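Trainee: what follows is a predicted structure for the sequence shown.
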Amino acid sequence: MDDQSLALTVELLRQDVADVFESRKGKQAEGEVQDAELALQLWQGELTECLVFLSDRQMAKSMGRAVERDECAIAAIVQEEDTAINDRRMALNLGGGVDGQHVPRLHRRHRRELDEKTLQRLSKLNIDGVRDHGDDDKGHFPEESKSESFKVNPTSQADNSKRAADGAQSEIARFDCTSCMESKVFFDIIETSCSHYYCRECIRTLFEQSFTDESLFPPRCCREPISLSQVGGFLGRQLAERFQEKLVEFNDANRMYCSNPVCSIYLPAKTFELNAVTCASCQHTTCVLCKKTAHSGPCVDEKAEDALLDLIQTEKWQQCFKCRSVVELRSGCYHITCRCRAQFCYLCGTEWKNCKCEQWDDDRLIERGQQIVLREQRPGDGPARPADVNRAVAMIRERHDCVHLGRWTQPPLRD
């Protein structure tokens, strides 16, 4: 059913409900509402909302078709204006007249080139009759459409009456979300650089979780970051702004947070004034040096910091060179990836691949092999067998999870 017929049907139903209301007036006590009357009121409200939705949908389609028809003409006009301005500026510079730099420029919003898949999505959404089918409608789509490219099957004038009434229809591709494994229509799916698919809800959840767990930031798939430009349309303005804020916060090597425990928000470096910063949220003042409540005189927490440094040296822990977080290595290789994404050597603390330290310690490697074996065993299997541990250690040496820029080679021994 086309939109006009559907709107007419809904309007007739709404009038029928209004007639029923008129016929029921005066049949009950004043202030008393019967269940049937309440049901009619709710139905009338739903029908009114449906009419508003259909009207908005028609307007959106009309705007989309107008933009699609006039796209080439608008682009040509814009290009002509840019060319005319550039020609005038060059002529003024060559003619020795007014400085071409003073020629007014047209200030336009930043224009972003859309890739082919995005254009295809927008084009599909402009087609009449395209609806987000539920799971019950999966039978309408052939199985092979999941791997087909987005294509439109044109209809000719010789189509039958049903096809002509429905208009040009398209095969709407569906893809399985990598996260929730549900089948979604293609315009509710984004494809990552590693050829995995995420639906609108799952990609929003992934970004929201990365804001509170720094180890997940930036959001990644197969160790490849998912750019904001890929998913900006799915996130919305609020989540996109939070992503930009967290990008600044997590890349700050010397972060400052409000010392008020009830607030504790991040304080950007641009808000610092001398040795104290005032929180814009709670108006609490924090000392920039010791990162505690602002005070007069020198900081008094130097002894505690010295004690922490002594403990780090005694326990042979290591500090991240970027965010100064303390790291303890229990098992595995010496290649440490901090939660701030900095990579460094656990032995000397320098940035990874800039030293000649060993890649791992045999004892820690064996301990890691035991962890892998015990993790794969069933309950009640007992302690890890030495043969299984040796096999796991050999696998780690050749194909361990630690990703390096290149295969590590033992430096040559000096004479």
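Mentor: Happy to help now that I have it. Since we're looking at a predicted model, the values are computed, not measured.
Trainee: from here on, contacts and neighbour counts on C-alpha atoms
Mentor: Fine.
Trainee: what does the strand or helix carrying residue 6 rub up against?
Mentor: Assigned by DSSP states H and E, residue 6 falls within helix 3-23. Here helix 3-23 makes contact (C-alpha atoms under 8 Å, 6 or more residues apart in numbering) with 37, 40, 44, 47-48, 50-51, 54, 58.
Trainee: pull the number of nearby residues for residue 333.
Mentor: Using other C-alpha atoms under 10 Å, the number of residues around residue 333 comes to 22.
Trainee: so it touches residue 366, yeah?
Mentor: No - counting by C-alpha atoms under 8 Å, residue 333 does not reach residue 366; the two are 10.7 Å apart.
Trainee: by how many degrees do the helix or strand following the helix holding residue 6 and helix 3-23 diverge?
Mentor: For helix 3-23, the following helix or strand on the C-terminal side (DSSP H and E) is helix 35-95. If you take axes from the mean of the first three to the mean of the last three C-alpha atoms, to 10 degrees, helix 35-95 sits at 140 degrees to helix 3-23.
Trainee: show me what helix 35-95 is packed against.
Mentor: helix 3-23 (3 or more C-alpha pairs under 8 Å, 6 or more residues apart in numbering; DSSP states H and E).
Trainee: please name the nearest non-neighbouring residue to residue 247.
Mentor: If the residues on either side of it in the chain are set aside, residue 247 comes closest to residue 218, at 7.9 Å by C-alpha to C-alpha, 6 or more residues apart in numbering.
Trainee: before we move on, what about residue 326?
Mentor: residue 319 is the one closest to residue 326 (C-alpha to C-alpha, 6+ apart), at 4.5 Å.
Trainee: could I get the phi/psi values of the one you found?
Mentor: phi -110, psi 140 (degrees, to the nearest 10).
Trainee: report the contact partners of it.
Mentor: Per C-alpha under 8 Å, 6+ apart, neighbours of residue 319: 325-327, 349.
Trainee: buried ones in stretch 172-184?
Mentor: 172-177, 183-184 (16 or more other C-alpha atoms under 10 Å).
Trainee: turn these into JSON lines, columns for secondary structure.
Mentor: Listed next are the buried residues of stretch 172-184 as JSON lines, based on DSSP: H, G, I helix; E, B strand; the rest coil:
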{"residue": "172", "secondary structure": "coil"}
{"residue": "173", "secondary structure": "coil"}
{"residue": "174", "secondary structure": "strand"}
{"residue": "175", "secondary structure": "strand"}
{"residue": "176", "secondary structure": "strand"}
{"residue": "177", "secondary structure": "coil"}
{"residue": "183", "secondary structure": "strand"}
{"residue": "184", "secondary structure": "strand"}
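Trainee: quick check: the farthest pair among those?
Mentor: The distance between the two most remote of these (C-alpha to C-alpha) is 15.7 Å, for 172 and 177.
Trainee: just to revisit the earlier point, so how far is the helix holding residue 6 from its chain's centroid?
Mentor: 43 Å (C-alpha atoms, centre = their mean, to the nearest Å).
Trainee: make 44 the first number, not 1, from now on.
Mentor: Sure thing, new numbering starts at 44, so read that last one as helix 46-66.
Trainee: using CSV, write out every CA atom in it.
Mentor: Output in CSV follows, covering the C-alpha atoms of helix 46-66 (Å, rounded to 0.1, in the frame of the first residue of the first chain):
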residue,chain,number,x,y,z
ASP,A,46,1.7,6.2,1.5
GLN,A,47,-1.3,8.2,0.2
SER,A,48,-3.7,5.2,0.5
LEU,A,49,-2.3,4.4,4.0
ALA,A,50,-2.8,8.0,5.1
LEU,A,51,-6.4,7.9,3.8
THR,A,52,-7.1,4.6,5.6
VAL,A,53,-5.8,6.0,8.9
GLU,A,54,-7.8,9.2,8.6
LEU,A,55,-11.0,7.2,8.0
LEU,A,56,-10.3,5.1,11.0
ARG,A,57,-9.7,8.2,13.1
GLN,A,58,-13.0,9.7,11.9
ASP,A,59,-14.8,6.4,12.8
VAL,A,60,-13.4,6.7,16.4
ALA,A,61,-14.5,10.3,16.6
ASP,A,62,-18.0,9.2,15.6
VAL,A,63,-18.1,6.5,18.2
PHE,A,64,-17.1,9.1,20.8
GLU,A,65,-20.0,11.4,19.8
SER,A,66,-22.5,8.5,20.0
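Trainee: please identify the buried residues of it?
Mentor: Applying 16+ other C-alpha under 10 Å to helix 46-66 flags 50, 53-54, 57, 60 as buried.
Trainee: now, which of those residues sits nearest residue 250?
Mentor: Nearest to residue 250 among the buried residues of helix 46-66 is residue 50, at 38.9 Å by C-alpha to C-alpha.
Trainee: now the closest one: how far from residue 93?
Mentor: Per C-alpha to C-alpha, to the nearest Å, residue 50 is found 8 Å from residue 93.
Trainee: with residue 126 instead?
Mentor: Using C-alpha to C-alpha, which is the criterion applied here, residue 126 is 48 Å from residue 93.
Trainee: counting neighbours, go ahead and name the busier of these two.
Mentor: Taking neighbours as other C-alpha under 10 Å, residue 126 and residue 93 compare with residue 93 leading, 16 against 12.
Trainee: need the contact list for the more buried one.
Mentor: Here residue 93 is in contact with residue 53 (C-alpha under 8 Å, 6+ apart).
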